[in-house]
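Asker: The sequence and its predicted three-dimensional model are supplied below.
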2 protein chains.
Amino acid sequence: MKAGVLYSGGKDSSLASIMLGTYYEVELNTFVFDPLRHIPTLEAAAEALGYPLKKRVFREGMLNEMADLVIDKGYPNDAINAVHQAAVESLAAEYDVIGDGTRFDDRVPMLSRETVQSLMSRTGCSYVRPLLGYGRREVDRLADQLLVVQYGETGTIRNGDYEAEIRDAIRARGLDPASLFPPHHEQSLVVGRKPKESW
Amino acid sequence: MKAGVLYSGGKDSSLASIMLGTYYEVELNTFVFDPLRHIPTLEAAAEALGYPLKKRVFREGMLNEMADLVIDKGYPNDAINAVHQAAVESLAAEYDVIGDGTRFDDRVPMLSRETVQSLMSRTGCSYVRPLLGYGRREVDRLADQLLVVQYGETGTIRNGDYEAEIRDAIRARGLDPASLFPPHHEQSLVVGRKPKESW
């Protein structure tokens, strides 16, 4: 069975992909706003995992709407959730099984129980989150056991996180995204996969 | 890293154990009220999975308290949750990582987010639920892919479910458990593991 996994190149979606890869034929999917956006570090992460990567582009206009939403709300949570949901819905049109790296203690993005149930009954698709039952400590321990990971703040690490393009769009309007996003948001980027013998 | 998994011999806890077994040294743990209760079908299920099984006994008096609770409430949910939580807490005293087969759409037993957070911060233990991000359809599909499963109503299938002993205790008081438990509760019992080549 094929599974389309939302992939950022970060620790969580990489670990989720590996977990799914034991049972599914995994295809990684990264969504960008700008069709010209090219993320070599993300492609290298997918290559390290050994799964094919597909770049998907959100519909035109979405980036501006999301920048509006962040500015309107004064914080990014609703926009990040809306973007994530749009990505999930888009994959649901293409795969019978879709997955992502949502963890037990994630707050954003996190689809509500009602949204998940609606998605599955509307589309007939299964949405699976292999890390939903794992807290941060075990996710970090397993990621360290299976993967080589680099860490850094948004902007210093080039993964496929939605946040970077929304921040750029806000900056392009002459506003400072730092006033709208939480001060610290550690990002991660997978740069290698450890062989099973070393676990 | 060792993981102590709550094990009933059913489909969900078997699948969860296999998923954890990729990354942890799994030990299966089954709780009973009666120290003399012997469940050969459960031992055979553990043997089929290939993980060691430990039988654990709840403290004396617990079965009667749980029978009281079911009779008092008129339905079994609170008792089943209390029993499950007692089992999880007991394992948390012995393992750094504990797991169970809770699925996304399970209602009972299901520890609340607050209970899980409290458990982890009080005990320093990680409680992991590999099926929490999977709905019934994918759990059933994966279980069928990996395992040979028998199905039947409570009473016709001998797994290590808490329900059977509580029903017996209620019956021993001259009451009919059928009036207190939902009319249909399909149980499952694993009777074999399929080789990876056949998935």
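Answerer: All right, it came through fine. Residues are numbered from 1 along each chain as shown, chains lettered A, B, ... in the order given.
Asker: And the average pLDDT for stretch A:85-97 is what?
Answerer: Averaged across stretch A:85-97, pLDDT comes to 98.
Asker: and chain A, which residues reach chain B?
Answerer: A:1, A:19, A:22-23, A:97, A:102, A:104, A:116, A:120, A:126-135, A:137-138, A:141-142, A:145-146, A:199 (C-beta under 8 Å from any C-beta of the partner chain). Quick note: C-beta positions are derived from backbone N, CA and C, even for glycine.
Asker: Buried ones only from those, please, as a PyMOL command.
Answerer: Here is the PyMOL selection string for the buried members of the residues of chain A next to chain B, based on 16 or more other C-beta atoms under 10 Å in any protein chain shown:
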select buried, chain A and resi 19+23+97+102+104+116+120+126+127+128+129+130+131+132+133+134+135+137+138+142+146
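Asker: Let's see which of the residues of chain A next to chain B end up in helices.
Answerer: Filtering the residues of chain A next to chain B for membership in helices, criterion DSSP state H, returns A:19, A:116, A:120, A:137, A:138, A:141, A:142, A:145, A:146.
Asker: from those residues, which two are the most distant?
Answerer: The two members of these with the most space between them (C-beta to C-beta) are A:120 and A:145, at 31.2 Å.
Asker: show me what contacts the nearest residue to residue A:17 once chain neighbours are set aside?
Answerer: Spatial nearest neighbour of residue A:17, chain neighbours left out: residue A:5 (5.0 Å); criterion: C-beta to C-beta, 6 or more residues apart in numbering or on different chains. Shown in contact with residue A:5 (C-beta atoms under 8 Å, 6 or more residues apart in numbering or on different chains): A:13, A:16-17, A:20, A:26-29, A:51, A:98-101.
Asker: Also residue A:152?
Answerer: By C-beta under 8 Å, 6+ apart, the residues touching residue A:152 are A:186, A:187, A:189.
Asker: is it true that residue A:171 lies in a helix?
Answerer: Yes: secondary structure assignment (DSSP: H, G, I helix; E, B strand; the rest coil) places residue A:171 inside a helix.
Asker: Which residue ranges of chain A form helices?
Answerer: The residue ranges that make up the helices of chain A, judged by DSSP H, are A:11-21, A:40-49, A:62-73, A:77-92, A:113-123, A:136-146, A:163-172.
Asker: can you list the residues that contact the third one?
Answerer: Read it as helix A:62-73. Residues outside helix A:62-73 that contact it (C-beta under 8 Å, 6+ apart) are A:33-34, A:76, A:78-79, A:82-83, A:86, A:165-166, A:169-170, A:173, A:175, A:177, A:180-181.
Asker: so that helix versus helix A:163-172, what angle?
Answerer: For the pair helix A:62-73 and helix A:163-172, the angle between their directions (axes from the mean of the first three to the mean of the last three C-alpha atoms, to 10 degrees) equals 70 degrees.
Asker: quick one: average pLDDT of helix A:62-73?
Answerer: pLDDT averaged over helix A:62-73 equals 98, rounded to a whole number.
Asker: Report the buried residues of it.
Answerer: Neighbour counts using 16+ other C-beta under 10 Å place A:63, A:66, A:67, A:69, A:70, A:71 of helix A:62-73 among the buried residues.
Asker: go on, the longest one?
Answerer: With burial defined by 16+ other C-beta under 10 Å, the residues of helix A:77-92 counted as buried are A:79-92.
Asker: Show me what it is packed up against.
Answerer: For helix A:77-92, the helices and strands in contact under the criterion 3 or more C-beta pairs under 8 Å, 6 or more residues apart in numbering or on different chains; DSSP states H and E are strand A:2-6, strand A:25-32, strand A:53-57, helix A:62-73, strand A:97-99, helix A:113-123, helix A:163-172.
Asker: just those: most buried one?
Answerer: Per residue and on average, the most neighbours among the helices and strands packed on helix A:77-92 fall to strand A:97-99, with a mean of 27 (mean count of other C-beta atoms under 10 Å in any protein chain shown).
Asker: Work out the gap between it and the centre of the chain.
Answerer: Once both centres are worked out by C-alpha atoms, centre = their mean, to the nearest Å, strand A:97-99 turns out to sit 13 Å from its chain's centre.
Asker: For it, which strands pair with it and how are they oriented?
Answerer: Strand A:97-99 has the following strand partners under DSSP bridges: strand A:2-6 (parallel), strand A:126-128 (parallel).
Asker: Skipping its backbone neighbours, what lies nearest residue A:124 in space?
Answerer: When the adjacent residues along the chain are set aside, residue A:124 lies closest to residue A:96, with 7.7 Å between them (C-beta to C-beta, 6+ apart).
Asker: what number of residues lie near the one you found?
Answerer: With neighbours defined by other C-beta atoms under 10 Å in any protein chain shown, the count for residue A:96 comes to 15.
Asker: and it, backbone torsions?
Answerer: phi -80, psi -30 (degrees, to the nearest 10).
Asker: Help me confirm that residue A:56 comes into contact with residue A:35.
Answerer: No: under the contact definition of C-beta atoms under 8 Å, residue A:56 does not touch residue A:35, with a separation of 9.8 Å.
Asker: What residues does residue A:76 make contact with?
Answerer: Applying C-beta under 8 Å, 6+ apart as the definition, the contact partners of residue A:76 turn out to be A:70, A:108, A:163, A:166, A:180, A:181, A:182.
Asker: Return the distance of it relative to chain B.
Answerer: 23 Å (C-beta to the nearest C-beta, to the nearest Å).
Asker: Any chance of the backbone angles for that residue?
Answerer: Reported as degrees, to the nearest 10, the phi and psi values for residue A:76 are phi -90, psi -10.
Asker: coming back round to it: in a markdown table: the strands paired with strand A:97-99, plus mean pLDDT.
Answerer: Supplementary listing: these in a markdown table, determined by pLDDT from 0 to 100:
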| stretch | mean pLDDT |
| --- | --- |
| strand A:2-6 | 98 |
| strand A:126-128 | 98 |
